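# Curious how this folds, go ahead:
(2 chains)
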Amino acid sequence: MSTLSERILGAPAGEYVDHKVDRAYVHDGTGVLTLETWKRMGSVRLSDANRLYILFDHIVPANNSTTATLQHELREFACGSFLQFSDIGGGICHQIMSEGVVLPNEVVVGADSHSCTLGAFGAFATGVGATDMAAIWLTGETWFRVPESIGIHLSGSFQGGAEAKDLALSYVSRLGMDGGTYCALEFVGDGAGTLGMEDRLVLTNLSVETGAKTGLFYADEITGKYLATAGHMVQPQVPESCTYIRNLEFDLDDIVPMVAVPHRVDTVKPVQDLAGLPINQVFVGTCTNGRYPDLARFARVVKGRKVAVRTIIVPASRAVLSEAIRTGVLTDLVEAGCTIGTPGCGPCLGSHMGVLGVGEVCLSTANRNFKNRMGIGGEIYLSSVATAAASALEGEITEPEVA
Amino acid sequence: MQGVGHAVCLGPDIDTDLVIAGRYLRTKDHSQWVAHIFEDLDPSLTSRLRGSVIVAGKNFGCGSSREQAAIALHEAGVVAVVAPSFARIFFRNAINIGLPAIECSLNCRDGQKIRFDLTDGWVEAEGKKHPIHPLSPRMQEILAAGGLVNYWKAHP
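Next up, the predicted model:
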């Protein structure tokens, strides 16, 4: 009887395996170092260009000529070597891979820590650095230590203003920043089965914030329906009884809106404890909360009103932006005073548009609030979209209204 | 593999943003990463890194997958990093570039001499030998080769 990670990697926890990588991706940041390292390996060989992706998302469009030159080299290489390529404006690497690319049972490796997000599809998805990725370019495979798994047992359904991000912050708080180190998190139980793909992606996205190698949902009917829209027919993965090294239980009915306070993702408080804290900026986006339902939910709250602080909204992908245009959500956001950025990571990593000034406070729907991450001397609070929307209207941290 | 260095003590949960901030990543000039290492944690650390063994608290290298963090430490002259636990991406990155990452819990005093022998499996501090969690055979081979680039050159 196996965990999902054991089943996909084909070996029991604790064993080391060499495994073929079904899809491997880098972005404009990690791609530069991957290309340099791959060249240093002395090879002009690429294992299989159909499985290798270069997806520009971190600094898009380029913010200066140094970045532009690095991106130019990587773009030339991607096109010249026939790798799968998405240029500026295509969106966040994890989001693109979630839009009908990654399938259940695949082994997916990204040169970005949040590659664990794709575990939402019942894939084994994890992050590596540039040198590991260069070796994958070369050989098409890599080694893994098959992880032990922690069971996150979900029951019930969200009530009031709570949403998946609040549960994500809650489990990160419970496990701590290293509570999942070297392990996989498996989200199981009746409550897991009722969550839509977008909610699952939020939960797996945060798994690395506990040190976990990945977070996984079993593919089920919901996964099947989501992937069917991209033309894929997939079989459900039926959970077996298996051994988890630790079990956590969450009743979704008990989850309340939460905020992670500076500078740790695991330092989490109920929104009501922070209500009234003045903010200078709201940022909605990233691989955590930049999907169409996030933008639509935000728009429903601010429609016909004006945000009280500068509010930056960055769609996670071109598909998200297109959908927001088509449905009128984008108009609602712009008319409420929000600023819209190019699909990509936005200011999350602190390298360009929307960084903070000294002493400024940002309420962000992203996944990291490390010291100085979004600008020197800035402070980052992490919340759900609902909390971000309510707070944007008031200019201070505000509890979301009951949906 | 053996090594020796003076201890530089750091706390727990040092993330890779603190090792090298995102704003300095967009260059191929590795000296830029060394120049700005630990800038947001304690810029005075820079002058003490050459020939040092970093002795950190749990979960060293958490956060971003940026390999520049391991490279900056290596090129700043850090001989090894010792911590009770590492974030797994940093751990792989360090070994892959030839920087020993050693799982061991030590009481740290700045400047004390730290010796280690990965083949025999110990770290010595204040004259006392502590057993270490051994690397997998594959990681030992990669480290012995000086990193994954050299490893693949030797195993084409």
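
# what are the ranges of the strands in the stretch 51-200 of chain A?
A:52-55, A:84-86, A:107-110, A:124-127, A:141-145, A:149-155, A:184-188 (DSSP state E, counting those that start in this stretch).

# These into TSV, with extra columns for mean neighbour count and mean pLDDT?
To be clear about C-beta, it is placed using only N, CA and C from the backbone, and glycine gets the same treatment. Shown next, in TSV, are the strands of the stretch 51-200 of chain A (neighbours: other CB atoms under 10 Å in any protein chain shown; pLDDT from 0 to 100):
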stretch	mean neighbour count	mean pLDDT
strand A:52-55	25	98
strand A:84-86	19	98
strand A:107-110	25	98
strand A:124-127	28	98
strand A:141-145	18	97
strand A:149-155	22	98
strand A:184-188	27	98
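
# Can you tell me which of those is nearest to chain B?
Counting by CB to the nearest CB, chain B lies closest to strand A:124-127 out of the strands of the stretch 51-200 of chain A; the figure is 4.7 Å.

# helices and strands around that closest one, which ones?
When contacts are defined as 3 or more CB pairs under 8 Å, 6 or more residues apart in numbering or on different chains; DSSP states H and E, strand A:124-127 sits against helix A:4-9, strand A:107-110, strand A:214-217.

# Quick check: closest non-adjacent residue to the residue positioned nearest the centre of chain B.
Centroid check for chain B by CA atoms, centre = their mean gives residue B:81 as the closest residue, at 3.4 Å. Leaving aside its chain neighbours, residue B:81 sits nearest to residue B:54 (4.5 Å; criterion: CB to CB, 6 or more residues apart in numbering or on different chains).

# Quick check: phi and psi at the one you found.
Dihedral pair for residue B:54: phi -80, psi 130, per degrees, to the nearest 10.

# same thing with residue A:339?
Dihedral angles (degrees, to the nearest 10) for residue A:339: phi -100, psi 140.

# How about residue A:364?
Torsion angles, degrees, to the nearest 10, at residue A:364: phi -130, psi 150.

# Quickly list what it is bridged to.
Residue A:364 forms beta bridges with residue A:283, residue A:382, as assigned by DSSP bridges.

# now swap in residue A:396 and tell me
Assessed by DSSP bridges, residue A:396 has beta-bridge partners residue A:278.

# Now for it, how many residues are close by?
18 (other CB atoms under 10 Å in any protein chain shown).

# Retrieve the pLDDT associated with it.
With respect to pLDDT, residue A:396 has a value of 98.

# quick one: it from residue A:363, how far?
9 Å (CB to CB, to the nearest Å).

# what sits in contact with each of those two?
By CB atoms under 8 Å, 6 or more residues apart in numbering or on different chains, residue A:396 and residue A:363 have these common neighbours: residue A:279.

# how close does residue B:105 sit to chain A?
For residue B:105, the distance to chain A equals 13 Å [CB to the nearest CB, to the nearest Å].

# How is that residue assigned, secondary-structure-wise?
Secondary structure assignment for residue B:105 (DSSP: H, G, I helix; E, B strand; the rest coil): coil.

# In this structure it contacts residue B:55, no?
No. The pair residue B:105 and residue B:55 fails to qualify as a contact (CB atoms under 8 Å) at a distance of 9.7 Å.

# Settle it for me: which of those two has more neighbours?
Between residue B:105 and residue B:55, counting by other CB under 10 Å, residue B:55 is the more crowded of the two (27 against 16).

# With chain B in mind, check whether stretch A:5-22 reaches it.
Yes. Residues of stretch A:5-22 contacting chain B under CB under 8 Å from any CB of the partner chain: residue A:16.

# which bits of the stretch 51-200 of chain A sit near chain B?
Applying CB under 8 Å from any CB, one finds that the stretch 51-200 of chain A approaches chain B through A:59, A:66-67, A:70, A:111-113, A:127-132, A:134-135, A:138, A:143, A:145, A:177-178, A:181-182.

# mind listing the strands for chain B?
Residue ranges of the strands in chain B, as given by DSSP state E, are B:2-9, B:52-55, B:80-83, B:101-103, B:113-117, B:122-125, B:128-131.

# give me every residue that touches the residue nearest to residue B:81.
B:7, B:8, B:10, B:60, B:73, B:78, B:80, B:81, B:82, B:83.

# Neighbours of the fifth one, how many?
Counted with other CB under 10 Å, residues neighbouring residue B:73 total 28.

# again with the last one
For residue B:83, the neighbour count with other CB under 10 Å is 25.
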